[in-house]
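Q: attaching a predicted model along with its sequence, questions to come.
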Amino acid sequence: MQQNRRIGLGTVQFGMDYGISNGEGQTSEEEVFSILGCARKNNIGLLDSASAYGNAEEILGKCGVDSFEIVSKFLPSENGQTITRQLKSSLSNLNQHFIYGYMAHRPLSLIDQPEYWDELLELKNTGKVKKIGYSLNTPEELEKLLAEGMIPDLVQVPYNYFDRRFENAIEVLKKQDCEVHTRSVFLQGLFFMKPGKLSPFFDEIKSILESLQHRGSTLGGDLLNFVLSNKMIDKVIIGVENKIQLQNNLIMLQKARQLPEIHNKISDNILIPSLWPQK
């Protein structure tokens, strides 16, 4: 159960049909309520959401999230929707007066519009958010932001058995007392897809997937344990479609085995889901 405290719950599935392996579509409100109850019972205390996740924040507000720390994300301002207004909307939907973390969903927008960073600092000063930062896609984005003096309290980065691009960056961030959250433990469920059902786009990893899937039902726990074994990571964000998936992941984590080292270099085409063919 101690390990569970380092797990956070992603909520994109609560607001939209998301993930390459998602066969159920958007999670129902009743199921979200069950998932949150299971999370509480198992010492999972953080929820990761965003205004861009459909109506996920509204659903969370209806279900009640007072016992959780909440991280949300904003998009570049459009139609007069300043960051402050976006936060006000998120707080209203979540039925909260403040949230734990607030991050730029499009990190380079902070460089294009440096006043966004000033606005984030002001929101932090007023107590509406405890920590500010950005959700990153590439290490190069981080280099640009740090060069501009935008030192975050909190970042979110992709990290999993295939994707180690941020390992050096995480070390740099921890030296600056930055809290590090990771996403994509299961790479949107790609690790569980039958290789024969994947398009030729994924040919380079099909043999690796076959080998991993021979490990049987513990694979989810093995993959989660791989990320948790990096002690510089503060929270590992996982997404689930239903309560049973969450329960199974936690059970399998207790039975997890060490994964073999990968000797192949996996291309960015595989590591970055936005480059995948549309399903």
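A: Ah, there it is. Residues are numbered from 1 along each chain as shown.

Q: switch to C-alpha atoms for all contacts and neighbour counts from now on
A: Noted.

Q: in this protein, which spans are strands?
A: Using DSSP state E, the strands of the chain run over 7-10, 46-48, 69-74, 99-104, 129-135, 154-158, 179-183, 235-239.

Q: out of the ones you listed, which gets nearest to residue 273?
A: Closest of the strands of the chain to residue 273 is strand 154-158, at 10.5 Å (criterion: C-alpha to C-alpha).

Q: next, the buried residues of stretch 89-101.
A: For stretch 89-101, the neighbour count (16 or more other C-alpha atoms under 10 Å) marks 89, 90, 91, 93, 94, 95, 96, 98, 99, 100, 101 as buried.

Q: which residues of the protein fall in helices?
A: Assigned helices in the chain, in chain order: 12-15, 29-41, 56-63, 83-94, 109-112, 115-125, 139-147, 167-175, 203-213, 219-228, 243-254, 268-271 (criterion: DSSP state H).

Q: next, format the ones you listed as JSON lines and append distance to residue 74 and mean pLDDT.
A: Below are the helices of the chain laid out as JSON lines (distance: least, C-alpha to C-alpha, whole Å; pLDDT from 0 to 100):
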{"stretch": "helix 12-15", "distance to residue 74": "14", "mean pLDDT": "93"}
{"stretch": "helix 29-41", "distance to residue 74": "22", "mean pLDDT": "97"}
{"stretch": "helix 56-63", "distance to residue 74": "12", "mean pLDDT": "97"}
{"stretch": "helix 83-94", "distance to residue 74": "7", "mean pLDDT": "96"}
{"stretch": "helix 109-112", "distance to residue 74": "10", "mean pLDDT": "94"}
{"stretch": "helix 115-125", "distance to residue 74": "10", "mean pLDDT": "96"}
{"stretch": "helix 139-147", "distance to residue 74": "17", "mean pLDDT": "97"}
{"stretch": "helix 167-175", "distance to residue 74": "22", "mean pLDDT": "96"}
{"stretch": "helix 203-213", "distance to residue 74": "33", "mean pLDDT": "96"}
{"stretch": "helix 219-228", "distance to residue 74": "26", "mean pLDDT": "96"}
{"stretch": "helix 243-254", "distance to residue 74": "27", "mean pLDDT": "94"}
{"stretch": "helix 268-271", "distance to residue 74": "24", "mean pLDDT": "96"}
